[in-house]
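Asks: I would like the atomic coordinates for the input below:
(chains A and B)
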There are 2 protein chains.
Amino acid sequence: MSLIVMKFGGTSVGDVDRIKNAAAKVAAEVQRGHKVAVVVSAMASVTDQLIGFCRSISSRFDQREHDAVVSTGEQVTSGLMALALQQRGMNARSWQGWQVGIRTDSTHGKARIIDIDGALLRESVESGEVGVVAGFQGVTEDKRITTLGRGGSDTSAVALAVAMKADRCDIYTDVDGVYTTDPRIVEKATKMKRVSYEEMMELSSLGAKVLQVRSVEMAMRYRMPVQVLSTFSNEIGSDLPGTLVMEGNNNMEENVVTGIAYSRDEAQITLIGIADKPGVAASIFVPLARAGINIDMIVQTASSDKKTDLSFTVGKADFDRALKLLEDEKASIGYKKILSHKDVSKISLVGMGMRSHTGVAALMFETLAEKGINILVIETSEISTSVLIDEEYTELALRALHAAYGLDSK
Amino acid sequence: MSLIVMKFGGTSVGDVDRIKNAAAKVAAEVQRGHKVAVVVSAMASVTDQLIGFCRSISSRFDQREHDAVVSTGEQVTSGLMALALQQRGMNARSWQGWQVGIRTDSTHGKARIIDIDGALLRESVESGEVGVVAGFQGVTEDKRITTLGRGGSDTSAVALAVAMKADRCDIYTDVDGVYTTDPRIVEKATKMKRVSYEEMMELSSLGAKVLQVRSVEMAMRYRMPVQVLSTFSNEIGSDLPGTLVMEGNNNMEENVVTGIAYSRDEAQITLIGIADKPGVAASIFVPLARAGINIDMIVQTASSDKKTDLSFTVGKADFDRALKLLEDEKASIGYKKILSHKDVSKISLVGMGMRSHTGVAALMFETLAEKGINILVIETSEISTSVLIDEEYTELALRALHAAYGLDSK
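Replies: Next up, the predicted model:
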């Protein structure tokens, strides 16, 4: 018997029929003899309606009130899921963030979890009741409702699993696991049985959308095993049908590269002819940071005659704002001209094996060169290597690299 | 400067534009220098949607989960109202039942308020913030959300006014006050400036729909002045444009009858030829009470040769069930036959003056007789006299009595 936290995201509880379907998944785990707590997101249509109400009343809205309104979406699903479980003859009840004691800081709209009491919930679940917790929400010390921001429900689920000392956190979603790369692009992508926390972190932060970085980070910190699996497949028989995100990687014959992520969310800016002297980088990046614009990849070319070029990427959403700011700051930075490039993609190889293997990047450059793909920027970390390329080569690059690193399904 | 609780019901906050309109009413009170707490109902469309979700998941639903789901309706309005007030430049925040400390018993779906802490809310309102409280909801000792059942939002508002030691509770609705009778039926009905708690209690329990009995009962117990007024009229200038429900009745020239209520919600059942001996009434009413069927008017005709007839009324919604039950119990009760009459109306005169005046009922019988209206049942209380008549005479009886008791507008 294990204690499992099962999390169902927005598409998994998108309407009443899907809530019933998710309830069937919960029933199956209970029938296997497990104790279960469930974490639910809001029905997408309900959230849209709530946000619509807020927008039509006020443009400059108070995030605290926005949270009070929007958090009702998860509250509704939690009650409906409890009803759906009861309808199957199970003992179930709903829990709101303030009832469980999910304490957060007071950064409304993107609050961070400080701690979870969870004693009452644990007691209830131990007694055989299925606890259905509203995800994405918490409560501040002065009793106001907060929402956790992007990826909040995954984070709620993992944090709750940690607080309850659960054996595993299962994240139900619309894909049946984590793949070596996006299977919609690369037909031969294969589902991983296991992936390490570190690799999953890199994959998530480099563009894989299956799990939010925050939740993986928390799972890694507390060594909580997380399974990614599908709400919609009817796979039965296997106890672990999805991908298990867990410590280390016990596969002796592991590939050097475990997965390939990509992102179309970035845009490149290059400043030509800046002075090659201390303080120049600060004059560029400090104003951008003050404006809340995040920088991702940065590369500076070798210097000649005291002038150099500096290239970096920002989120596509910040692109216009960043360009405007750099033009405003032209005098203080002192560059000759700006080049900008919006149609770029970042392709990233991820694998624990890259720590110990050499020549991993060389094969990447070679493979891309063979297909005539130009590399705009290169960036490496301990277990990843990323390149920026023209967006139109994205699919070609993914397929070529997937084959080159031996990831294609047999 | 006064402290006023303003309550806006479902039609007053039916959509975003109406919420904005209600916010304007609040702004007007604040501009007059008053401190204000607001109590809001849910938007009708939201509640319908939530109930629809529950029904499509489960027929035999758990009232606790139903409360968790349905109470989000008021939560949404409270947040939206706070946003609408902020949009007008006011300092405002939302309060849920559990945040204010509206403690109820655990009769989910129709919980009763035990007490209200209200200290935090009072402090916030005293500091000049407008507190917007989600009506219709509370929290049990073990932290579960309850709803108060029919008329719950009015009751929330009055209870909150009492707890905050407010000077007045204003109930905004779709009519501009309490009338001598239904102005949709009697054109010459007039709006009362004042009405006593006792009269309002009678009027509400005898069919006037403007205020829920529970809220009037609470206002009377704590002597909280309640004003009924319209959300939609633009009447300005007057500080008390509606009807004030308050202690006693200072009007020296008061009418004997203050108002006339009616109800089409009852149906009459008559048992012919029952034994005129002890225990017969119990054999009839105990089974009905066990089935949760409320009895209103009861009349027993004078007995002859040990047999008598007994007539009473039940709610129209319970009519079929009551008949079935009485037929099942025929042997144990021992009656000859049942007569039933669904198309009846109850007409009630209400007035404090009836305590001291005689001949009030006589004028009623005379007036109805003149119009050829037959009286089926008569019932009196200290400050009311009610008759049951054929439903088709409802309007005629109301107009005739309204004129006879001098209530017609000049």
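
Asks: who touches A:Tyr384 in this structure?
Replies: In this structure residue A:384 is Ser, not Tyr. Contact analysis of A:Ser384 by CB atoms under 8 Å, 6 or more residues apart in numbering or on different chains lists A:202, A:206, A:348-351, A:354. Every C-beta, even on glycine, is put in place using the N, C-alpha and C of the backbone.

Asks: and which of the residues you listed is nearest to chain B?
Replies: Within these, the smallest distance to chain B is 36.8 Å, found for A:Leu206 (CB to the nearest CB).

Asks: returning to what we had before: out of the contacts of A:Ser384, which are inside strands?
Replies: Secondary structure from DSSP state E places A:348-350 of those in strands.

Asks: As JSON lines, those with neighbour count and pLDDT would be great.
Replies: Converted to JSON lines, those look like this (neighbours: other CB atoms under 10 Å in any protein chain shown; pLDDT from 0 to 100):
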{"residue": "A:Ser348", "neighbour count": "25", "pLDDT": "95"}
{"residue": "A:Leu349", "neighbour count": "29", "pLDDT": "95"}
{"residue": "A:Val350", "neighbour count": "29", "pLDDT": "94"}
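
Asks: For the residues you listed, give me a markdown table that also has distance to chain B.
Replies: Supplementary listing: those in a markdown table, determined by distance: CB to the nearest CB, whole Å:
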| residue | distance to chain B |
| --- | --- |
| A:Ser348 | 40 |
| A:Leu349 | 45 |
| A:Val350 | 41 |
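
Asks: ok, of these, which one's closest to B:Pro278?
Replies: Distance to B:Pro278, by CB to CB, is smallest for A:Val350 among these, at 89.3 Å.

Asks: Would you mind measuring from the closest one to A:Lys209?
Replies: Using CB to CB, to the nearest Å, one obtains 14 Å as the distance from A:Val350 to A:Lys209.

Asks: Phi, psi for the residue of the stretch 101-250 of chain A found nearest chain B please.
Replies: Of the stretch 101-250 of chain A, the residue with the smallest distance to chain B, taken as CB to the nearest CB, is A:Lys143 at 5.3 Å. For A:Lys143, the backbone dihedrals are phi 70, psi 20 (criterion: degrees, to the nearest 10).

Asks: What of the one 5 residues further on?
Replies: Per-residue torsions, A:Leu148: phi -90, psi -10 (degrees, to the nearest 10).

Asks: now the helices: where do they sit in the stretch 251-400 of chain A?
Replies: Per DSSP state H, counting those that start in this stretch, the stretch 251-400 of chain A has helices spanning A:280-290, A:319-328, A:330-333, A:360-370, A:394-404. These are given in chain order.

Asks: closest to chain B out of those helices?
Replies: For the helices of the stretch 251-400 of chain A, the distance to chain B is smallest for helix A:319-328, at 26.3 Å, taking CB to the nearest CB.

Asks: got the angle between that closest one and helix A:280-290?
Replies: 130 degrees (axes from the mean of the first three to the mean of the last three CA atoms, to 10 degrees).

Asks: And helix A:319-328, how far out from the chain middle?
Replies: Between the mean C-alpha location of helix A:319-328 and the chain-wide mean there is a distance of 28 Å, by CA atoms, centre = their mean, to the nearest Å.

Asks: again with stretch A:102-116
Replies: Using CA atoms, centre = their mean, the distance from the centre of stretch A:102-116 to the centre of the chain it belongs to is 18 Å.

Asks: average model confidence for it?
Replies: Per-residue pLDDT over stretch A:102-116 has a mean of 94.

Asks: start to end distance for it?
Replies: Distance across stretch A:102-116, first residue to last, is 4 Å (CA to CA, to the nearest Å).

Asks: Would it count as contacting chain B?
Replies: No - remark: stretch A:102-116 sits outside contact range of chain B, by CB under 8 Å from any CB of the partner chain, the gap being at least 11.7 Å.

Asks: Buried residues, stretch A:400-410. List them.
Replies: Neighbour counts using 16 or more other CB atoms under 10 Å in any protein chain shown place A:400-402, A:404-405, A:407 of stretch A:400-410 among the buried residues.

Asks: before we move on, back to that, right, so of the helices of the stretch 251-400 of chain A, which gets closest to A:Arg32?
Replies: A:Arg32 sits nearest to helix A:394-404 of all those, at 35.5 Å, using CB to CB.

Asks: most centrally placed residue in chain A?
Replies: For chain A, the residue nearest the mean C-alpha position is A:Gln212 (2.0 Å; CA atoms, centre = their mean).

Asks: Now for the residue nearest to that one when sequence neighbours are not counted: which residues touch it?
Replies: In space, not counting the residues next to it along the chain, A:Gln212 is nearest to A:Gly151; the distance is 2.6 Å by CB to CB, 6 or more residues apart in numbering or on different chains. A:Gly151 is in contact with A:212-215, counting by CB under 8 Å, 6+ apart.

Asks: in which helix or strand would I find the residue nearest to A:Lys110 when sequence neighbours are not counted?
Replies: Across the structure, with CB to CB, 6+ apart as the measure, the residue nearest A:Lys110 apart from its sequence neighbours is A:Gly149 (3.1 Å). Element membership of A:Gly149 [criterion: DSSP states H and E] is none; it lies in no helix or strand.

Asks: I'd like the distance between the residue nearest to A:Gln212 and A:Arg112.
Replies: In this structure, A:Gly151 and A:Arg112 are separated by 12 Å, where distance is defined by CB to CB.

Asks: if I look at these two, which residues touch both of them?
Replies: By CB under 8 Å, 6+ apart, no residue touches both A:Gly151 and A:Arg112.

Asks: For the closest residue to A:Lys342 other than its chain neighbours, give its distance to chain B.
Replies: Across the structure, with CB to CB, 6+ apart as the measure, the residue nearest A:Lys342 apart from its sequence neighbours is A:Ala267 (4.5 Å). Distance check for A:Ala267 against chain B: by CB to the nearest CB, to the nearest Å, it reads 34 Å.

Asks: Could you count how many residues lie near A:Ala267?
Replies: The burial metric for A:Ala267, expressed as a neighbour count using other CB atoms under 10 Å in any protein chain shown, is 23.
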